[in-house]
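Undergrad: okay, here's the prediction I keep looking at, along with the sequence it came from:
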Amino acid sequence: MIQIEENKSLKELNSFGIDAKASAFLFLEEFADLVSLPEIVSSFGAVQIMGEGSNILFTGDYDGLVILNRLGGIEFENVEGDNVIVHAGGGVNWDDLVNVCCDKGYNGLENLSLIPGTVGAAPVQNIGAYGVELKDIMISCDTLNIRTGESRQFLNIECEFGYRNSIFKRKYKNELLITSVKFKLTKEKSFILSYRELQEKFQHTDKEELTASEIRDFVKSVRESKLPNPEEIGNAGSFFKNPELTKSKLGRVQKKHGKLTFFKIGDKYKIPAAWLIEQSGLKGVREGNTGTYINQPLVIVNYGVESGKEIQAFSKKIQNKVYEKFGIMLETEVNII
Ligand SMILES: Cc1cc2nc3c(=O)[nH]c(=O)nc-3n(C[C@H](O)[C@H](O)[C@H](O)COP(=O)(O)OP(=O)(O)OC[C@H]3O[C@@H](n4cnc5c(N)ncnc54)[C@H](O)[C@@H]3O)c2cc1C
């Protein structure tokens, strides 16, 4: 049975380590409890769905109900064939899922190793790293409308996936709870090694000998060397998205600034936000109890802020500085609440 806690501290439940309090809080662990959720939710105006809080910045206490999703379970289907289907509960830790699949030689998730958070949050911003996005391997996800109680399965194509975006981040935010996700993995050695660091590392490796676990280990070591561990220093990974410019906008920026770092993706030109921040003189800068991480300026860190507002104010300063220099407004990737 679901228990509601009042005035619950979320400090240990968000990777920034912000000591916000939720006026009401519930822990969702059993699929059987989903039936009673709409009735509980009906007593609250504001509801916030949470996984592991690794892409959230609380700027104050939350006056409403926080639902913490820990719906578990991992099942494998079609294990005799080459294409294995993996069905995981929305509250499963993402990296635990990646680890199990790599161990079993079910390939496809290895590039997404060590991304913090839950399986259910992964489709929300279409998580991505090292040349792979969730949309590349997801078949479908099951959702529950927390107000009406209606269940609906979304096929990949219906999720309107984009760069760190989906229908769940926009239209259905805090309305649909992703209860489980299905992935299509393969036993074939069709690894994605197009990302520069992976290419360099494995260029001389016999691809038939290579395993998902080796790729996972390498991705983990690169990530550990670049990104701050939230258990040691509060952060939510990349605070901003990499801006995508049209050709004409890129041309205008180039005209003013000369050489730019960018990648062509489809008909858009993606400029690394980290580069823009560094060029604006904000790499490794500390202001009060917040700042940008020394090895990766796209990550804002918490050195002990009293409130998430301090981090939000610093993020606005970054946006303003980058805008003044390049005329590009950085969009936040983190959900500010
Ligand atoms: C050190 C670090 C590195 C990171 N690296 C990457 C990276 O490489 N690539 C990347 O894409 N992201 C990265 N992130 C961001 C983060 O890991 C992902 O966004 C992750 O999917 C968030 O999962 P979560 O469970 O913590 O979600 P939360 O932070 O709890 O929630 C994020 C959003 O999803 C919604 N949500 C959560 N669960 C559900 C659900 N079950 N149903 C519906 N809505 C839900 C929430 O309402 C919120 O809007 C990084 C974060 C950190 C701290």
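TA: The structure has been received and is ready for your questions. Numbers count the residues shown, from 1 in each chain.
Undergrad: thought residue 236 was touching residue 54?
TA: Yes: between residue 236 and residue 54 there is a contact under CB atoms under 8 Å: 5.9 Å. Where you see a C-beta, it was placed from the backbone N, CA and C, and this is true even at glycine.
Undergrad: those two - which one has more neighbours?
TA: Each of residue 236 and residue 54 has its neighbours counted (other CB atoms under 10 Å); residue 236 has more, 26 against 20.
Undergrad: what's the nearest residue to the more buried one if we skip its chain neighbours?
TA: Spatial nearest neighbour of residue 236, excluding adjacent residues (CB to CB, 6 or more residues apart in numbering): residue 334 at 4.7 Å.
Undergrad: list phi and psi for that neighbour.
TA: Main-chain torsions, residue 334, degrees, to the nearest 10: phi -70, psi 140.
Undergrad: which bits of the protein sit near the ligand?
TA: 15, 49-56, 69, 90, 115-118, 120-122, 124-125, 127-129, 168, 174, 177-178, 227, 230, 235-237, 335 (CB under 6 Å from any ligand atom).
Undergrad: 5 Å - rerun?
TA: 15, 49-56, 69, 90, 115-118, 120-122, 124-125, 127-129, 177-178, 227, 230, 236-237, 335 (CB under 5 Å from any ligand atom).
Undergrad: next structured bit after the longest helix anywhere in the chain?
TA: When the chain is parsed with DSSP state H, its longest helix is helix 308-326. Next in sequence after helix 308-326, counting helices and strands by DSSP states H and E, comes strand 335-336.
Undergrad: neighbouring strands for that following strand, and are they parallel or not?
TA: When sheet partners are counted by DSSP bridges, strand 335-336 sits next to strand 56-57 (parallel).
Undergrad: and the one residue sitting closest to the centre of the chain, what is it in contact with?
TA: Residue closest to the average C-alpha location in the chain (CA atoms, centre = their mean): residue 127, at 4.8 Å. Counting by CB atoms under 8 Å, 6 or more residues apart in numbering, residue 127 touches 94, 112, 115, 117, 121, 133-134, 164.
Undergrad: just the ones of these in helices?
TA: residue 94.
Undergrad: I'd like the contacts of residue 127 as CSV, with neighbour count appended.
TA: Listed next are those as CSV, based on neighbours: other CB atoms under 10 Å:
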residue, neighbour count
94, 26
112, 23
115, 21
117, 23
121, 28
133, 19
134, 26
164, 19
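Undergrad: quick check, nearest of the contacts of residue 127 to residue 191?
TA: residue 112 (12.5 Å; CB to CB).
Undergrad: just checking, that closest one touches residue 128?
TA: Yes: using CB under 8 Å, residue 112 is in contact with residue 128, at 7.5 Å.
Undergrad: okay, and the common contacts of the two?
TA: residue 134.
Undergrad: list the contacts of the longest helix of the chain.
TA: Under the criterion CB under 8 Å, 6+ apart, residues 16, 18, 20, 57-60, 239-240, 253, 256-257, 273, 276-277, 279-282, 287-292, 300, 302, 305, 328-330, 332, 336 lie in contact with helix 308-326.
Undergrad: do stretch 192-205 as well
TA: By CB under 8 Å, 6+ apart, stretch 192-205 touches 111, 130-132, 136, 210, 214-215, 218-219, 222.
Undergrad: redo that, cut-off 6 Å
TA: Applying CB atoms under 6 Å, 6 or more residues apart in numbering, the set of residues contacting stretch 192-205 from outside is 111, 130-132, 218, 222.
Undergrad: count of residues packed around residue 309?
TA: 14.
Undergrad: any idea how far it lies from the ligand?
TA: 18 Å (CB to the nearest ligand atom, to the nearest Å).
Undergrad: and the closest residue to residue 333 other than its chain neighbours, how far from residue 328?
TA: Distance criterion CB to CB, 6+ apart; nearest residue to residue 333, sequence neighbours excluded, is residue 241 at 4.8 Å. Distance of residue 241 to residue 328, given as CB to CB, to the nearest Å: 11 Å.
Undergrad: local confidence estimate at the closest residue to residue 337 other than its chain neighbours?
TA: Nearest-residue entry for residue 337: residue 58, 5.3 Å, with adjacent residues in sequence omitted and distances by CB to CB, 6+ apart. pLDDT for residue 58: 98.
Undergrad: so who does residue 58 touch?
TA: Here residue 58 is in contact with 18, 20, 308, 337 (criterion: CB under 6 Å, 6+ apart).
Undergrad: got a winner among the residues you listed for most neighbours?
TA: Ranking the contacts of residue 58 using other CB under 10 Å puts residue 18 first, with 27 neighbours.
Undergrad: separation between that one and residue 311?
TA: Taken as CB to CB, the span from residue 18 to residue 311 is 8 Å.
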